[in-house]
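**Student:** sequence-free structure coming up:
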């Protein structure tokens, strides 16, 4: 197993199986603006207090510009520049002496500073200065030899396109290859990175979302639950839904179970979730409401109308706007909140907003499955709402597969008559238990959801 060097962001280290391969060559590729330079500098300053680091620019971006924009980042330490982080511009040497001059300059800098890390940005800009492909391959061989005889971790940055990976010789030399780019789904654009190659160890496959901010690169690894999980123990007592009539229909919910509440707009899905969370709080079970529908002010007004309040410290409210939402980031925020507050009940309102934030249906299903499995293993019961488009006569519950993953499925519908419109409730599914299959009418009163006599 090859030793690893942290990138400066723990979740990217998780993707890489511990970090970049130490004393090896890592290639970070992507189109301009994808965050390659920020990631490289984040790694450099993370190790600034241990051994020196070299950051070498070429013709891609002026050194002055790299430094100017770097100072706006929170991890950039001006005191380290010139003391443990050394910047140098290879452009002048490249123009005067070509690639042999670059080798000589790199060799001199290594002798002077004995660095832990060397970054070359952009490495691709070196290739046009080779008279032919054979000369560039010899340059690669000599450069790898210079850094390979000493404990130095090299990071090469380049604006490569996908088709260049099959022909550019630097991809064969690199021990690790990370690609950074964007996903486009309708009007949404999200950033994603992927590990294409990593010698000497495993890594997390697939595309992993990331954001760029003043704090650098924040990575949100793809939430893929392990295929094989050992047995785990769950409590064998049922928990209340917060609505006595529903408890009579399903005999309560198992701890760690997932419940999907589906129905059209305004039918009472969110209210049913509030019943569930605040009933748990009343009985000493901490709850978390993750909402993308109403903002905190709106949701507090709804809750107060039924005698509840988010001033209750046993209930945590996590609101995220559905605009510019990263599903990956949202899931990790949810998991962090669940860990920090030790919750037993969670309401997710709603699945439709999460689906819209997912770049593809397969990824959404993977995230839903993985989230439900993690909640089940920890004995956390989760209720999810889902809005269906039909007001009457529902023909399809959800095309996203969430109903198949849920342990319980509750369908809320409108039923029109000549003079009025009533609400109905049906228990479609209860895993590991019996349930009442009748269609029940219900009303929303000041006491919340109240079931009436069975509908004709």
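**Tutor:** Yep, that arrived. Everything quoted here is computed from the prediction, not taken from an experiment.
**Student:** from here on, contacts and neighbour counts on C-alpha atoms
**Tutor:** Will do.
**Student:** in space, not sequence, find me the middle residue of this protein.
**Tutor:** Geometric centre of the chain, nearest residue: residue 328, 2.5 Å, by CA atoms, centre = their mean.
**Student:** check whether it sits in a helix, strand or coil.
**Tutor:** Here residue 328 is recorded as helix under DSSP: H, G, I helix; E, B strand; the rest coil.
**Student:** which residue packs closest to it, ignoring adjacent ones?
**Tutor:** Take residue 328 and drop its neighbours on the chain: the residue closest to it by CA to CA, 6 or more residues apart in numbering is residue 220, 5.6 Å away.
**Student:** I'd assumed residue 206 was in contact with that neighbour.
**Tutor:** No: counting by CA atoms under 8 Å, residue 220 stays clear of residue 206, with 11.8 Å between them.
**Student:** kindly check the end-to-end length of stretch 118-126 for me.
**Tutor:** Criterion CA to CA, to the nearest Å; first-to-last residue distance in stretch 118-126 is 16 Å.
**Student:** centre of the chain to it, how far?
**Tutor:** Distance of stretch 118-126 from the chain centroid (CA atoms, centre = their mean, to the nearest Å) equals 29 Å.
**Student:** and residue 220 and residue 206? which has more neighbours close in?
**Tutor:** Set residue 220 next to residue 206 and count neighbours by other CA atoms under 10 Å: residue 220 wins out with 26 against 15.
**Student:** who's in contact with that one?
**Tutor:** Contacts for residue 220 were tallied using CA atoms under 8 Å, 6 or more residues apart in numbering; they are 11, 12, 208, 209, 210, 328, 329, 332.
**Student:** confidence score at the residue nearest to residue 328?
**Tutor:** Residue 220 carries a pLDDT score of 93 in this model.
**Student:** who does it bridge with?
**Tutor:** Here residue 220 sits in beta bridges with residue 209, as judged by DSSP bridges.
**Student:** next: residue 258.
**Tutor:** The partner residues for residue 258, given DSSP bridges, come to residue 382.
**Student:** mind listing what it touches?
**Tutor:** Contacts for residue 258 (CA under 8 Å, 6+ apart) come out as 372, 376, 381, 382, 383, 384, 406, 407, 408.
**Student:** now the second one, nearest residue through space, not along the chain?
**Tutor:** For residue 376, the nearest residue in space outside its immediate sequence neighbours is residue 256; the separation is 4.2 Å by CA to CA, 6+ apart.
**Student:** the one you found: what secondary structure?
**Tutor:** Judged by three-state DSSP, the three-state class of residue 256 is coil.
**Student:** measure it to residue 350 for me?
**Tutor:** Remark: distance between residue 256 and residue 350 (CA to CA) = 19 Å.
**Student:** repeat that for residue 144.
**Tutor:** Taken as CA to CA, the span from residue 144 to residue 350 is 52 Å.
**Student:** these two: who's more crowded?
**Tutor:** Neighbour count, other CA under 10 Å: between residue 144 and residue 350, residue 350 has more, with 22 against 16.
**Student:** buried residues in stretch 435-442, which are they?
**Tutor:** Residues of stretch 435-442 classed as buried by neighbour count (16 or more other CA atoms under 10 Å): 435, 436, 439, 440, 441, 442.
**Student:** got JSON lines for the residues you listed, with distance to residue 317 too?
**Tutor:** Below are the buried residues of stretch 435-442 laid out as JSON lines (distance: CA to CA, whole Å):
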{"residue": "435", "distance to residue 317": "31"}
{"residue": "436", "distance to residue 317": "32"}
{"residue": "439", "distance to residue 317": "32"}
{"residue": "440", "distance to residue 317": "31"}
{"residue": "441", "distance to residue 317": "30"}
{"residue": "442", "distance to residue 317": "27"}
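**Student:** show me what the helix or strand hosting residue 363 is packed up against.
**Tutor:** Element membership for residue 363, per DSSP states H and E: helix 361-377. In this structure, helix 361-377 makes packing contacts with helix 351-357, strand 381-387, helix 402-405, judged by 3 or more CA pairs under 8 Å, 6 or more residues apart in numbering; DSSP states H and E.
**Student:** among the ones you listed, which is the most enclosed?
**Tutor:** Ranked by mean neighbour count, the helices and strands packed on helix 361-377 are led by strand 381-387 with a mean of 24 (mean count of other CA atoms under 10 Å).
**Student:** isn't residue 325 right up against residue 355?
**Tutor:** No: judged on CA under 8 Å, residue 325 makes no contact with residue 355 at a distance of 10.5 Å.
**Student:** from the chain's centroid, how far away is stretch 374-384?
**Tutor:** Remark: stretch 374-384 is offset 19 Å from the chain centroid, using CA atoms, centre = their mean.
**Student:** those strands in the stretch 101-250 of the chain, which residues are they?
**Tutor:** Here the stretch 101-250 of the chain has its strands, by DSSP state E, counting those that start in this stretch, at 117-121, 153-158, 176-185, 188-198, 208-213, 216-220.
**Student:** which strands or helices does the fifth one pack on?
**Tutor:** Going back to what we said before, that points to strand 208-213. strand 188-198, strand 216-220, helix 327-341.
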